[in-house]
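**Student:** Sharing a model prediction with you, sequence too.
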Amino acid sequence: MAFDQNRPDGAGNVMGWRLGGLLTRPFAVIGRSAIAWVGNMGASAIFLLLAFLRIFKAKQFIKIVQQIYYIGARSSMIILLVGFFTGMVLGLQSYHALVKFGAQGALGTLVALTLVRELGPVLTAIMIAARAGSAITAEIGIQRISEQIDALETMRIDPLRYLISPRIAASIISFPLLTALFDIIGIIGGYVSGVLLLGANAGTYIYRVQASMDMKDISDGFIKAIVFAVIVSTVSCYQGYFAHMRPDSHGAKAVGLSTTSSVVLSCVLILVSDYVVTSLLI
């Protein structure tokens, strides 16, 4: 039976409902955000699975090679630059820290293991996400809002096979290679900083680099690089492919926001997954 708001009991019920709504509103916002996050994670996983299965279709080789050139070869200069100066800074800081304990002979060990196990895969992935990942999101996003992807579907061309699969395959191939390049140039940078500039013993540095690393250290770094490749390529392609479905904008603005979200989310997931993978491999 309906109540009369002019009656005391009706007014009390209305106030109670309003108070309950105010108290539960923060939990409702958190719940909606959690549901949206879980939905996006599930959609991304399905998106990755469908695109990955299409890698092995016919006539993919040429497109994969083109994307290896774009993602891998064209990112090599920034990887060389960042890797060299990362190694130099690491050698500089490590040398001054080790001198306090009279252990400057361990400089090569510290530089090599830090680069190969942690800094190499992480910084390589972040640099590629900033350079190639953002470009991938913008390119696919523009194709989406200009209805080029719809045109592919009209011509019975699978957009996942044509646009997404080559980029995922190229990332899986390029990330470990660029990580190895980063590690090598970083160790050289540590040599320049610690040996040539600060006067550490060259033979000790090289011996420590060789003696301190084994195959497990190298393989762990490559495993991280592959995980980061899957994350960056999936996030970049997913954000661009569904740029038109963003609830906060549309058109060209949606492409810009998707590109920003792609880089930020990729970097966050790289750091989170780095901890998870390290805890599993250690």
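**Tutor:** Everything's here; your move. Numbering: from 1, shown residues only.
**Student:** Can you pull out the residues in contact with stretch 145-162?
**Tutor:** Identification of contacts with stretch 145-162 by CB atoms under 8 Å, 6 or more residues apart in numbering yields 47, 50-51, 54, 57, 60, 63, 140, 143, 163, 241, 243-244, 250-252, 254-255. C-betas here are computed from N, CA, C, even on glycine.
**Student:** can you give me the mean pLDDT across it?
**Tutor:** Mean pLDDT, stretch 145-162: 90.
**Student:** Over to it now: how far is its first residue from its last?
**Tutor:** 17 Å (CA to CA, to the nearest Å).
**Student:** Can you give me the buried ones in that stretch?
**Tutor:** 145, 149, 152, 159-162 (16 or more other CB atoms under 10 Å).
**Student:** could the residues you listed go into JSON lines alongside distance to Asn201 and secondary structure?
**Tutor:** Shown next, in JSON lines, are the buried residues of stretch 145-162 (distance: CB to CB, whole Å; DSSP: H, G, I helix; E, B strand; the rest coil):
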{"residue": "Ile145", "distance to Asn201": "59", "secondary structure": "helix"}
{"residue": "Ile149", "distance to Asn201": "59", "secondary structure": "helix"}
{"residue": "Leu152", "distance to Asn201": "61", "secondary structure": "helix"}
{"residue": "Pro159", "distance to Asn201": "57", "secondary structure": "helix"}
{"residue": "Leu160", "distance to Asn201": "55", "secondary structure": "helix"}
{"residue": "Arg161", "distance to Asn201": "55", "secondary structure": "helix"}
{"residue": "Tyr162", "distance to Asn201": "56", "secondary structure": "helix"}
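**Student:** where do the helices sit along the stretch 1-150 of the chain?
**Tutor:** 8-53, 61-71, 76-99, 107-114, 120-128, 134-145, 148-154 (DSSP state H, counting those that start in this stretch).
**Student:** and the angle for the second one with helix 134-145?
**Tutor:** What that stands for is helix 61-71. Put simply, helix 61-71 runs at 130 degrees to helix 134-145, going by axes from the mean of the first three to the mean of the last three CA atoms, to 10 degrees.
**Student:** the inter-axis angle of helix 61-71 versus helix 120-128?
**Tutor:** 90 degrees.
**Student:** so how many other residues sit close to Ala132?
**Tutor:** 24 (other CB atoms under 10 Å).
**Student:** Apologies, that question was intended for Ile71.
**Tutor:** Quick note: Ile71 (other CB under 10 Å) scores 27 neighbours.
**Student:** coming back round to it: taking the contacts of stretch 145-162, please make a PyMOL selection of just the buried ones.
**Tutor:** To isolate the buried ones among the contacts of stretch 145-162 in PyMOL, judged by 16+ other CB under 10 Å, type:
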select buried, resi 47+51+54+60+63+140+143+163+241+243+244+254+255
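**Student:** ok, Ala125 - contacts?
**Tutor:** 175, 225, 228-229, 231-232, 266, 270.
**Student:** Using neighbour counts, pick out the buried residues of the strand or helix carrying Val232.
**Tutor:** According to DSSP states H and E, Val232 maps onto helix 215-241. Residues of helix 215-241 classed as buried by neighbour count (16+ other CB under 10 Å): 218, 220-222, 224-241.
**Student:** returning to that earlier point: now, of the helices of the stretch 1-150 of the chain, which is deepest in the fold?
**Tutor:** For those, the largest average neighbour count (mean count of other CB atoms under 10 Å) is found in helix 120-128, namely a mean of 25.
**Student:** ok now that helix, how far from the chain's centre?
**Tutor:** Taking CA atoms, centre = their mean, to the nearest Å, the mean C-alpha location of helix 120-128 is offset from the chain mean by 8 Å.
**Student:** now swap in stretch 228-239 and tell me
**Tutor:** Between the centre of stretch 228-239 and the centre of its chain there are 7 Å (CA atoms, centre = their mean).
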